[in-house]
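In: For reference, the sequence and a predicted model appear below.
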Amino acid sequence: NVILSHLTLRGGQYLVHAGNGADVDGLRIEMSELDGSSDVVTGQSQYGVYLYGATNEDAELVDNRVHGMSNDGVFLYNSPGVLVDGGMYFDNRYGVYLSGDNSLVQGVEAFGNRSGGLSVTGDGSEVLDNVVHDNDGYGINGGNDVRVADNTVYGHRGSGDFGIQVNGTEAIAENNVTFDNLYGIRVDGGATAFDNRSYQNVEGIRVGSYSGNVLGNVVYANDVGVSLNTYSNYAPLVENNVIYKNADTGLVNSGSAGRIYNNTIYQTSGDAISVLGSAQNVDIRNNSLSVVEGYAIRVADNSQVGFASDYTLFQIGDSGHLGLWAGSDFDERAFWVYTLGFDAHSIVTDPGFIDPDGPDDILGDAPAQIIDDGGAGFTTTGDWTVHVPGGHEGDALTSSAGATATWTFDGLAPGRYQVAATWIP
């Protein structure tokens, strides 16, 4: 076994390399810096660590900084049993790219990579407890039989970007936190999103062309909470989720034969469930649907074939509607039942939520915080004088060069925030 420890590596095409058939087992690289952007040679290094083939087993990369590669920070192709533990991977094409079975990536930070943060596609592999943010393309990609769990992923908002993707029947995204992405979590190929928290994305959870399962997640404060976009012959399962305060729609079923069971959807604006895109055989059962001003169930004219809904608890606000069918509003359950035959066993009532906005009295996004010059979070150094009129509550401050003002905000949940200040000429 070879151990490389506390090194700085620069200036090679490959900083660490083992080709196919090299039979390098148990290589360990620890607490080292692999810098591909050095001017020691002309141009960048291509790879930080490059191992190719099944004979290069059980490598361990622990607490390294790998950055500046023209290709990948770590590229381990078909090399099984890899451990990547801790460290930072940034300014590469992919931060970490693994395709060997039974590998583990845990506790790393991957950011600022040009095509993706972490890509792991080997049976029995896991991606655990990482912080992945602000990459182009995606944060984490997990292939068939890969478990992606306990990660925090944010800042992937380009066209087609996603925070986490899992693809394949045995793949699962579990207990992750995703925010500020185009798609918070994307599942495809029969993969499952389970027990995640996804908020402040364009779409919280998206099911792709070849289906998947959305089970037991909390999805809120996105533009769309859950979006089903499979081919028409697939029937994605959406079950036991809490979906609330999404700006446009709680759940969109576009073209899919969605099975939508046992969910709580609470919308202060927009619709709870929207069925469109020539969907057929959509089945909605045992849900609690609350809307203030939209539709609890909106069905497009091209998506009526095989539609079914029953055992729903409806809560309809004064400006809301129970359903939309054939362009007509349905506000009374009796008309919905006797005209269309839907929701014969459903009820319209207050669901009796206990403190739906929680102990902080905030439903979804936090409201704006204002720290004025009299607030506890405001401090200054140097000389300041009151400039009247102007500023919040008419008491702006002015100062000559060299003085500083500091605003400190406490109690913020993880997320992206906009900061605004008032400047008076």
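Out: Arrived safely.
In: who's in contact with the residue nearest the centre of the chain?
Out: Centroid-nearest residue in the chain: Gly184, 2.4 Å away (criterion: C-alpha atoms, centre = their mean). Counting by C-beta atoms under 8 Å, 6 or more residues apart in numbering, Gly184 makes contact with 153, 162-164, 178, 196, 198-199, 201, 203-205, 219, 222. Just so you know, the C-beta spots here come from the backbone N, C-alpha and C atoms, and that holds for glycine as well.
In: Starting from the helix or strand harbouring it, tell me the next helix or strand along the chain.
Out: Using DSSP states H and E, the element containing Gly184 is strand 183-188. Next helix or strand after strand 183-188 toward the C-terminus (DSSP H and E): strand 191-194.
In: Note down every partner strand of that next one and its orientation.
Out: Strand 191-194 pairs in its sheet with strand 172-174 (parallel), strand 212-215 (parallel), by DSSP bridges.
In: So what touches the last one?
Out: Applying C-beta under 8 Å, 6+ apart, the external contacts of strand 212-215 come out as 166, 187-195, 205, 207, 226, 236-241.
In: Let me see the ranges of the strands in the stretch 301-425 of the chain.
Out: For the stretch 301-425 of the chain, applying DSSP state E, counting those that start in this stretch gives strands covering 308-310, 313-316, 321-325, 328-330, 347-348, 378-381, 385-387, 396-398, 404-407.
In: neighbouring strands for the longest one, and are they parallel or not?
Out: Based on DSSP bridges, the strands next to strand 321-325 in the sheet, each with its direction, are strand 295-299 (parallel), strand 328-330 (antiparallel).
In: Packed most tightly, which of those strands would that be?
Out: strand 295-299 (a mean of 26; mean count of other C-beta atoms under 10 Å).
In: Other residues contacting that one?
Out: Counting by C-beta under 8 Å, 6+ apart, 271-276, 284, 289-290, 307, 309, 312, 314, 316, 320-325, 329 sit against strand 295-299.
In: So for it, mean pLDDT?
Out: In this model, strand 295-299 has a mean pLDDT of 98.
In: can you check stretch 73-90 too?
Out: 96.
In: ok, now stretch 316-336?
Out: Averaging pLDDT along stretch 316-336 yields 97.
In: go on, stretch 117-135?
Out: 97.
In: gap between it and the chain center?
Out: Distance of stretch 117-135 from its chain centroid, counting by C-alpha atoms, centre = their mean, to the nearest Å, is 13 Å.
In: List the buried residues in it.
Out: Residues of stretch 117-135 classed as buried: 117-122, 125-128, 130-135 (neighbour count, 16 or more other C-beta atoms under 10 Å).
In: I'd like the strands paired with strand 191-194 laid out as a markdown table, including distance to Leu51, mean neighbour count and mean pLDDT.
Out: Shown next, in a markdown table, are the strands paired with strand 191-194 (distance: least, C-beta to C-beta, whole Å; neighbours: other C-beta atoms under 10 Å; pLDDT from 0 to 100):
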| stretch | distance to Leu51 | mean neighbour count | mean pLDDT |
| --- | --- | --- | --- |
| strand 172-174 | 26 | 25 | 98 |
| strand 212-215 | 31 | 26 | 98 |
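In: Compare these and give me the one nearest Asn78.
Out: Asn78 sits nearest to strand 172-174 of all the strands paired with strand 191-194, at 22.4 Å, using C-beta to C-beta.
In: Go ahead and measure how far the next helix or strand after the closest one is from the middle of the chain.
Out: Counting by DSSP H and E, the next helix or strand C-terminal to strand 172-174 is strand 177-181. In terms of C-alpha atoms, centre = their mean, the gap separating the centre of strand 177-181 from the centre of its chain is 4 Å.
In: one step back: relative to Phe162, how far out is the residue nearest to the centre of the chain?
Out: With distances taken as C-beta to C-beta, to the nearest Å, Gly184 is found 8 Å from Phe162.
In: what's the answer for Ala344, then?
Out: In terms of C-beta to C-beta, Ala344 sits 39 Å off from Phe162.
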